[in-house]
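J.: Here is my input, please return the structure:
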Amino acid sequence: MTDRRTGWAGKREDLHRRKGDKVPRAALLSPLMLRILAVNVLALAILVGSLLYLGRYQERLIGAELDALLLEARLSASALGEGAVVVDEDDRNILSPLLSRLMIRRLAEATGNRTRLFDLDDTLLADSRILLEHSGKIQVEELPPPTTKKFWLADQTMHLFDWIDGLVERRSYPLYQEEKIQRGDQYDVVRRALAGERATQVWSLERGGLVLAVAVPVQRYKQVLGTVMLSRFDTKIDTALRDVRMDILKIFGITLLITVLLSLYLARAIARPLRMLALAAEKVRHGQMEVVGLVGTASLLNRDIIPDFSKRRDEIGDLSASLRAMTAALAQRIGAIENFAADVAHEIKNPLTSLRSAVETAELVHDPVMQRRLMLVIRDDVARLDRLISDISNASRLDAELGRAEVAPVDIGRMLATLVGFYSVAKDAQDRPAGPSVELMPVPTGNLMVLGVEVRLVQVLQNLIANALSFSPTDGRVVVTVRCEDDVVNIVVEDNGTGIPENKLDAIFDRFYSERPKSEKFGTHSGLGLSISKQIVAAHRGKIWAENRRDESGQVIGARFVVQLPSVV
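T.: I've put the predicted structure just below:
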């Protein structure tokens, strides 16, 4: 048996795809989560990568090794100057090859460095790698340190940085090359030492690594007799670099794990609520179908559909609260539109029913007098329909016009003076001394500026004055008062009519509600005037209400309408 809800959801999703709508994502890793992970991990990787490149650290290690090597070379040169110098036939101090070899062998055993001695003619007198035995010469070759098995990822990382270091080193240090027959002039460090300075040199090897070398002159009473050169393979530097990088990689691994977990938590705390809000907004847009028994009921625009994250007290909580408020306002507006449509249908149906009845009766009646009466009824019904349609059209356009209109400061005192003067001029022009008058008392003073749409505010006051005139007796008068109190402009319209029933003080602002004088012809008002006035005042962030005027004995002597609008300082 197929689930009706699933079937409907699938059809709706297919319909969205056909229309090109985007269906909210429900994947485990959302694009937002991937972006958060990428940003956090990339920043950490750049930081660690810069730490793993230890060029400056390597230079400091090389400098320290060269200083230590230089100190050993100075000690060796001093020892050779004291113990390996003999006097030749010409009574000159020279270096004895035999004594030099013996001393260099002993010195090399103590320091572990390769030691070479050159005389003033750049001839190699002694080399610690060449051992003299009874069978001849034996040359010792230094082997690279043994390799140990490492973790695959760490080993590959080390190879990568060794390759990078190799590129840098090959650009910085010359390649070490050793001739079979060695001479001092083959090495720049020896030539500089013969000139009397303490020279250092760094070479790179083809198989990787560096060779550190220093050279100092061998002197006897300030007389330079030769040059001693010490060299060393940089195993300690490579080991130190690898150890530091391994420590950094370990810290990076732990930090990376923590960063990923925190990023996932942060992404989940952001992406999941946003996805839930997007899905809820999608349900609101298309309507949510719920199966209750065998009947499907639509819960469109239910504010509880939007998840409530207001307790988070952050931007997502604010977004959730705003969406819920927007949904509630939208539901209220749609409900008002539905009620308005129902009221319109009801109000139009009455004159249409009367009109149809009159037309059907006119076809059956042949009496000219009755036909004229029916034609008057038809004419009144048509006029009523025309009035209803015009008022309904104005009411339906009101929201859109208020939304597009530009607000500006409006002088309520000047506007009321002009409006009241218009009613007085109109009464004088019609030459009708009888009838209620409109007066503005007292003369407006003070700050009576409000921010709004002047045309719509005039419409409100016209509705209130016209309503007061229709309820006032012939010799009555309508008094309009305006004053400013506590940054609020109060406009009061009072009449001398019969007042308003106490239970109808709020209902008179409902659409199509009509409470007209008995002397007035039925159907001359649509009942939308006060409703439109309330809508305009609310759009201006104001209030409007009605109350009865009473004398000292408590008798009703008229009605009073009050409009409050915020003033502009």
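J.: hey, which helix or strand in this structure has the poorest pLDDT?
T.: None of the helices or strands of the chain scores lower by mean pLDDT, DSSP states H and E than strand 295-298, at a mean of 36.
J.: Give the rounded mean pLDDT of the helix or strand following that strand.
T.: Downstream of strand 295-298, the next assigned helix or strand under DSSP states H and E is helix 315-364. Average pLDDT, helix 315-364: 78.
J.: just checking, what packs against helix 315-364?
T.: Helix 315-364 is packed against helix 235-286, helix 368-404, with contacts defined by 3 or more C-beta pairs under 8 Å, 6 or more residues apart in numbering; DSSP states H and E. Using the backbone N, CA and C atoms, a C-beta is placed for each residue, glycine as well.
J.: for the residue located most distally from the centre of the chain, phi and psi?
T.: Distance from the centre of the chain peaks at Glu89, with 92.6 Å (C-alpha atoms, centre = their mean). Per-residue torsions, Glu89: phi -70, psi -30 (degrees, to the nearest 10).
J.: Just tell me which of the helices and strands packed on helix 315-364 ends up closest to Leu330.
T.: Shortest distance between Leu330 and those, using C-beta to C-beta, is found for helix 235-286: 8.0 Å.
J.: which secondary structure elements does the closest one contact?
T.: Secondary-structure packing of helix 235-286 (3+ C-beta pairs under 8 Å, 6+ apart): helix 31-52, helix 55-83, helix 152-172, helix 315-364.
J.: pLDDT (mean, whole number) over the second one?
T.: Along helix 55-83, the predicted confidence averages to a pLDDT of 85.
J.: Just name the most buried of the helices and strands packed on helix 235-286.
T.: Among the helices and strands packed on helix 235-286, helix 55-83 has the highest mean neighbour count (mean count of other C-beta atoms under 10 Å), at a mean of 17.
J.: Quick one: list the elements packing against that one.
T.: Here helix 55-83 touches helix 97-111, helix 152-172, strand 199-204, strand 210-220, strand 223-233, helix 235-286, going by 3+ C-beta pairs under 8 Å, 6+ apart.
J.: and the ones you listed as a markdown table, adding distance to Val493?
T.: As requested, those are arranged in a markdown table below (distance: least, C-beta to C-beta, whole Å):
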| stretch | distance to Val493 |
| --- | --- |
| helix 97-111 | 113 |
| helix 152-172 | 86 |
| strand 199-204 | 100 |
| strand 210-220 | 100 |
| strand 223-233 | 106 |
| helix 235-286 | 42 |
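J.: I'd like to know how many residues surround Ile270.
T.: By other C-beta atoms under 10 Å, 17 other residues sit near Ile270.
J.: Could you pull up the residues touching it?
T.: Ile270 sits next to 32, 36, 316 when contact means C-beta atoms under 8 Å, 6 or more residues apart in numbering.
J.: Pro273 is in contact with the last one, correct?
T.: Yes - taking C-beta atoms under 8 Å as the definition, Ile316 is a contact partner of Pro273 at 5.0 Å.
J.: Between those two, which contacts overlap?
T.: Common neighbours of Ile316 and Pro273, counting by C-beta under 8 Å, 6+ apart, are Phe309.
J.: so where is the stretch 151-300 of the chain shaky, pLDDT-wise?
T.: Within the stretch 151-300 of the chain, the segments meeting pLDDT under 70 span 151-172, 208, 235, 286-300.
J.: just curious, which of the contacts of Ile270 is nearest to Asp411?
T.: Distances from Asp411 to the contacts of Ile270, taken by C-beta to C-beta, are shortest for Ile316, at 45.4 Å.
J.: so who does that closest one touch?
T.: Residues in contact with Ile316, defined by C-beta under 8 Å, 6+ apart, are 270, 273-274, 277, 309.
J.: now those residues as a markdown table including distance to Ala546?
T.: Formatted as a markdown table, the contacts of Ile316 follow (distance: C-beta to C-beta, whole Å):
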| residue | distance to Ala546 |
| --- | --- |
| Ile270 | 51 |
| Pro273 | 46 |
| Leu274 | 47 |
| Leu277 | 42 |
| Phe309 | 42 |
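J.: who does the strand or helix carrying Val86 pair up with?
T.: Following DSSP H and E, one finds Val86 within strand 85-87. Strand 85-87 has its sheet partners listed here by DSSP bridges as strand 93-95 (antiparallel).
J.: List the buried residues of the strand it pairs with.
T.: Buried residues in strand 93-95, counted by 16 or more other C-beta atoms under 10 Å: 94-95.
J.: Distance from that strand to the middle of the chain?
T.: The chain centre lies 82 Å from the centre of strand 93-95; the measure is C-alpha atoms, centre = their mean, to the nearest Å.
J.: and that strand, what's its mean pLDDT?
T.: Taken as a whole, strand 93-95 has a mean pLDDT of 85.
J.: How about Leu32: what's its closest non-neighbour residue?
T.: Ala271 (4.5 Å; C-beta to C-beta, 6 or more residues apart in numbering).
J.: I should have written Leu256 there, sorry.
T.: Nearest to Leu256 is Leu44, by C-beta to C-beta, 6+ apart, at 6.3 Å.
J.: pretty sure the one you found contacts Ile254?
T.: No - counting by C-beta under 8 Å, Ile254 is not a contact partner of Leu44; they are 11.2 Å apart.
J.: Could you break this protein into its assigned domains?
T.: For the chain, the structural domains run 50-140+152-246, 292-404, 406-569, going by automatic domain parsing.
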